[in-house]
Each structure stands twice: as structure tokens, then as C-alpha cells.
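# sharing a model prediction with you, sequence too.
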Amino acid sequence: MSPTSLQTLAAYAHATVHGDASRLVESVSTDTRKVAAGDLFVALIGEKFDAHSFVPQAAAAGASAVVVSKMDPAWGTLPCPVLEVDDTLVALQLMARGYRQQHNPIIVGLTGSNGKTSTKDLTAIVMAKKFITRATFGNLNNHIGVPLTLLSLKTGEQCCVTEMGMNHPGEIEVLTDIADPNAGIVTNIGMAHIEYMGTQDAIAWEKATLPAQVRRSGVVVLNATDKYTPVITRHCQATVSTAGVNAGDVSATNLRADGTGTTFTLDFSGEKVETRLPILGEHMVANAALAAAMGWRYGISPADIADALSHAKLTGGRVEPKVVHGVRFIDDSYNANPDSMIAGLRTLATLEAKGRRVAVLGRMGELGAIAEAEHKRVGEFAASLDLTALCTVGGNEAEWISSAAKGLHTRHFPDHAACAAHLREVLREGDLVLLKGSRSAGMEKVLTHFQTS
């Protein structure tokens, strides 16, 4: 963040300041392991932790000040000021909202069931063609991550692409209230987090909170092929543009995939430009079209958008090509839900491969009552493709995938090491392997064992 006085931040947070309110803060941290001189440390309280226990360590590490909701005599006299508030999480969010209003960049809020982080990365690289741009680091997209992203803005930065995730009702409204977005993108409405949301309609309603809150003068971009786009559009104040593959105001057509990415034509309502995306998968082209539409609405030329996309890189673990012992891996291990799992399998089946195509899949989380049906749906889809084999790793949920893949050679393994050992025995140079599963499945561990075994 730009140097900001404690007095200003205290006013945003409705805090009582104990000590020198004129001190400057250069960054905000919620992790004592990363506190540095000039940081404001916010002592959050979670279900399994209370960071108030680490306030003395944060102060000793050189924090400019600490934000607390309770004072502890055991701390003694701290070497820095204290901001006392009723709730440290609310204080963090209020500081972020006030700081965002002070700096007033273009805030592009981004949500959806699949492809949020990838679309965030692509949108940021497109917007950077015209604006000094910051984006959510990694996937810090929740009620803590969004405030930290906004508080990281520096003077002169003109745009911030802010990913907004959720898994319970009402969470997107909290994030939009903090970020007050000028623009919004919804990648799609899928089944992710249905365990907590109940129905796909409820997921759509939650995701629609973002575009509905974008101001009338703002920009909204929606998925041209998503069945919920018409109803979401009706709830928007801002003008809506659509984007997608072979559909939308900005349309990606004539896709030609190879082993390192896809070449295609971007059609901006009649103005066409040849584009190269060095990322695997048709679903990534759809994400690129969303990013392109946002840039276009902000006056970035089609030629500049195509140039930006040609240099795109994604956060690790997302359709990341890797070659180990001559075997080509598609490392898409960061996360998964039924729609993204099917997209990954489709990518595996359509890429050029000198050898065999093998899917290595783990469980998908937060599916609740539909977990068995959705895991089996993925297995059935895998069996419909031209794949050589399917390996699953972990417990019953992953095994549901392989059990439903009738007619496809399948193996189930109890852990990553056993799966990797099998792959080392059977894979050959030129084979192509997809690694995918929810974050809790830790499918990147298969590759780690494969590399070292």
C-alpha cells in the first residue's frame, strides 16, 4: 500500500488509537510469520486460532501498529501503537473499503464457478495494456483475501482485477460492499459449492450479486453460452456484453489447438484479429474471450488485446504443461469441480499426443448429496473419450469415478505414492497425462513422487 497514517486507517475502522496516531503504515498483514517493519498487523480470530496470542511477536518484528479486539495485560508495554476495535475482521474490511475509495482505481470484480483465477490472470494482462494494473495474488479471493488485495494498491495504480470467491450464501455481497466494483465478470454458473448452496439456482443468485451491484456507468461481461446469463442480465444496472467460444459480442472462432496452446480468431462484433493463447484447453479460450471483452469495453484495441493474450501466463497448477522423464503432464491439480473436470478431460482427449492419453484424477469437494452422482458422471464422461486409461487416487469419492468408467482401463490407488509408482512402471516417452482433483486431493503430489521415485 502507499504510506498511510494510522489516524486515517483508524478512522476507516472506527478504532480507538492507543499511542502515536501519526505513524505511517506501508503494508497490512494478518500473518506474524510475514510481518515486517512498517506493517500493520491485524489480529484475526478464526475457528481454530486467535492471532491475539501473537501480538507481542508482531510488535517485536517491527510492526507500525497492531489491530486488536481485546487488550491483554500480559503483553506489557508494546513498542508500537494499538488500534482497538470491536471486531478485527470487520476492521480489516472497513480499512480496505476506505482505502479503496481514497485511491479510486477501476475495480474489476470477478466471480464464477470455474476459471476465476485463470480469467483473473488473463484480464489483468489485457487491462495492463492501457492501465497500471494490480490483481489478486494467487487465489486470495475471500473475506480476508479481498481486503488484503485492495490494501496492497499503491498510488498510481489505475486498475485492480479482484477475484471474489464464495461457498456460502451472502458472501459475494460482503465482498462487493468492500470492493465497490466498477466492472464485473461472471465466468459461468456451475455446481461448485453446491453442498453449502443447495441448488444451482442458488449458486446463480449468489454469483449474480456481483454484476447486479456494478454501477449503472460500469461494465459487465457474462458468459455467452451460460444458461443463467439472460436472467443475470435482467438484474444488471450496467450495460452487459457477452463473450465465449463461437458466441457473444466478443467471440472466439476457428480454434486450432496444438501441444502448447490454441490459435483462434477473436471477433469483436465484426472487427476480427488473429490471436494466439499459449495455454492449453478450449475452456481457456472461453476465459480469454471474457478478458478480451472487458478490455474492449475499456477502449483497448483488438490488436493490443491479442498481443497481451499471446504473452499470457497463469497461476501455477492450472493446465500447466510439464515434461518429466519424457512424459507430458497437464498439471491442472489446483482445484476441480464437475464442470472443470470435464473440461480438463476434453482437453486431454483433443490434444495431439505421440503416445497414450491417461487421466489421473482425485476427489471433488463440496458436492454434498450429489457427490456420488457427479463423480460417476465424470467417470462416464471419461469412458466416452478416446483415452487409454484412468487412474484415481484417494478414498471412496475418487473410486466412484473409476467405477463408472465402464469399458475404460481403470486403476484405483489408496495414495499418491502408489499411483506414482504405477505410472513410473507403465508410462513411456510421448505419453500425455492429466492431473486433476480438488485442492483437498493434493494431486500435485503424484507428480512430485513421479519425479523423485
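Looks like it came in fine.

# okay, now the unreliable bits of the protein?
Per-residue confidence for the chain (pLDDT under 70) gives these ranges: 317, 453.

# most centrally placed residue in it?
T117 (2.9 Å; C-alpha atoms, centre = their mean).

# that residue: which element?
According to DSSP states H and E, T117 maps onto helix 116-127.

# how far does that helix sit from its chain's centre?
10 Å (C-alpha atoms, centre = their mean, to the nearest Å).

# what of stretch 386-394?
Here stretch 386-394 is found 26 Å from its chain centre; the criterion is C-alpha atoms, centre = their mean.

# likewise for stretch 276-289?
16 Å.

# next, the buried residues of it.
276-289 (16 or more other C-beta atoms under 10 Å). Any C-beta I mention is one placed from the backbone N, CA and C, and that applies to glycine too.

# just stretch 311-327 next, same as before
Of all the residues in stretch 311-327, those buried under the rule 16+ other C-beta under 10 Å are 312, 314-315, 317-321, 324, 327.

# same question, stretch 411-423
By neighbour count on 16+ other C-beta under 10 Å, the buried set for stretch 411-423 is 411-413, 416-420, 422-423.

# give me the contact list for it.
Here stretch 411-423 makes contact (C-beta atoms under 8 Å, 6 or more residues apart in numbering) with 327, 358, 360, 389-394, 398-399, 402, 433, 442-443, 445-450, 453.

# what residues are up against D87?
Going by C-beta under 8 Å, 6+ apart, D87 touches S69.

# relative to whichever strand or helix holds A257, what are the paired strands and their orientations?
Here A257, judged by DSSP H and E, is contained in strand 250-258. Applying DSSP bridges, strand 250-258 is found paired with strand 239-245 (parallel), strand 261-268 (antiparallel).

# buried stuff in it?
Judged by neighbour count using 16+ other C-beta under 10 Å, the buried positions of strand 250-258 are 250-252, 257.

# residues in contact with it?
Defining contact as C-beta under 8 Å, 6+ apart, one finds that strand 250-258 is touched by 224, 241-246, 262-269, 275, 280, 282, 285-286, 288-289, 292-293, 296, 350-352.

# let me see the domain layout of the protein.
Using automatic domain parsing, the domain parsing of the chain gives 4-91, 104-310, 320-452.

# can I get these in a markdown table with distance to R97?
Below are the domains of the chain laid out as a markdown table (distance: least, C-beta to C-beta, whole Å):
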| stretch | distance to R97 |
| --- | --- |
| domain 4-91 | 7 |
| domain 104-310 | 5 |
| domain 320-452 | 28 |
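
# ok now do W400, which residues does it touch?
Taking C-beta under 8 Å, 6+ apart, we find W400 in contact with 371-372, 375-376, 379.

# wait, a helix at it?
Yes - assessed by DSSP: H, G, I helix; E, B strand; the rest coil, W400 belongs to a helix.

# distance check, it against G218.
Going from W400 to G218 by C-beta to C-beta, to the nearest Å gives 43 Å.

# what does V360 give?
From V360 to G218 the distance is 42 Å (C-beta to C-beta).

# surely S27 and L153 touch.
No - in this structure, S27 is not within contact of L153 by C-beta atoms under 8 Å, at 11.3 Å.

# overlap in contacts of those two?
M1.

# strands of the stretch 351-453 of the chain, residue ranges please.
Taking DSSP state E, counting those that start in this stretch as the test, the strands found in the stretch 351-453 of the chain are 357-361, 389-393, 409-413, 432-436.

# distance of M341 relative to S27?
Using C-beta to C-beta, M341 is found at 38 Å from S27.

# out of these two, which sits in the more crowded spot?
M341 (28 against 20; other C-beta atoms under 10 Å).

# G379 is in contact with that one, correct?
No - in this structure, M341 is not within contact of G379 by C-beta under 8 Å, at 9.9 Å.

# which stretches in the stretch 151-300 of the chain count as strands?
Going by DSSP E, counting those that start in this stretch, the stretch 151-300 of the chain shows strands at 159-163, 183-186, 219-223, 239-245, 250-258, 261-268, 271-277.

# let me fix that, I meant to ask about the stretch 1-150 of the chain.
Remark: strands assigned in the stretch 1-150 of the chain by DSSP E, counting those that start in this stretch are 4-5, 16-18, 24-25, 27-29, 39-42, 65-68, 82-84, 106-111, 133-135.

# can I get these in a markdown table with distance to Q213?
A markdown table is the format used below for these (distance: least, C-beta to C-beta, whole Å):
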| stretch | distance to Q213 |
| --- | --- |
| strand 4-5 | 26 |
| strand 16-18 | 31 |
| strand 24-25 | 28 |
| strand 27-29 | 24 |
| strand 39-42 | 25 |
| strand 65-68 | 27 |
| strand 82-84 | 29 |
| strand 106-111 | 8 |
| strand 133-135 | 20 |
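
# G165 is nearest to which of those?
Shortest distance between G165 and these, using C-beta to C-beta, is found for strand 106-111: 7.0 Å.

# so that closest one versus strand 219-223, what angle?
On the basis of axes from the mean of the first three to the mean of the last three C-alpha atoms, to 10 degrees, strand 106-111 is oriented at 20 degrees to strand 219-223.
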